[in-house]
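In: how does the following fold in three dimensions:
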Amino acid sequence: MATEIWHEFGAEAPVTLIPADGGRLELFANGKTLFDRKAEGGAYPDMTRVREMKKQIAEMMAAR
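Out: Numbers count the residues shown, from 1 in each chain. This next block holds a predicted model:
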């Protein structure tokens, strides 16, 4: 997921990816939670979900 996002947007992406103990994984962009593995049933995002997040990030970047 991180590779997909940074490959698409580079260092300009307003993204924070936080891995934590117990398999927790969170993705924030501009302070908004885009992904929380625990809240989404413990599954890692599939490519469809990653594309949705990339779209959200692109929209945030375009709005700057």
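
In: what about H7, neighbour count?
Out: For H7, the number of neighbouring residues by other CB atoms under 10 Å comes to 10. For every residue, glycine as well, the C-beta is placed using N, CA and C.

In: can you tell me the SS state at it?
Out: Here H7 is recorded as helix under DSSP: H, G, I helix; E, B strand; the rest coil.

In: contacts for the biggest helix by length in the chain next, please.
Out: If you go by DSSP state H, the chain has its longest helix at helix 47-62. Contacts with helix 47-62, where a contact means CB atoms under 8 Å, 6 or more residues apart in numbering, come from 1, 4-5, 8-9, 12-15, 27, 29-30, 32, 34-35, 45.

In: filter the residues you listed to the buried ones?
Out: By neighbour count, with 16 or more other CB atoms under 10 Å, the contacts of helix 47-62 hold 1, 5, 9, 13, 15, 27, 29, 34-35, 45 as buried.

In: so where's the chain shaky on pLDDT?
Out: The chain contains no residues with pLDDT under 70.

In: can I get the CA coordinates of stretch 21-39 in CSV?
Out: Taking Å, rounded to 0.1, in the frame of the first residue of the first chain, the C-alpha atoms of stretch 21-39 are listed here in CSV:
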residue,chain,number,x,y,z
ASP,A,21,1.8,-3.5,17.6
GLY,A,22,-0.8,-6.2,17.1
GLY,A,23,-1.0,-5.8,13.4
ARG,A,24,-2.6,-2.4,13.6
LEU,A,25,-2.2,-0.3,10.5
GLU,A,26,-3.6,3.2,9.9
LEU,A,27,-3.3,5.6,7.0
PHE,A,28,-4.0,9.3,7.4
ALA,A,29,-4.0,12.1,4.9
ASN,A,30,-4.4,15.7,6.0
GLY,A,31,-5.5,14.5,9.4
LYS,A,32,-8.3,12.4,7.9
THR,A,33,-8.3,8.6,8.5
LEU,A,34,-8.4,6.9,5.1
PHE,A,35,-7.7,3.4,6.4
ASP,A,36,-7.8,1.7,9.8
ARG,A,37,-7.2,-2.0,9.6
LYS,A,38,-8.8,-2.7,13.0
ALA,A,39,-12.0,-0.7,12.0
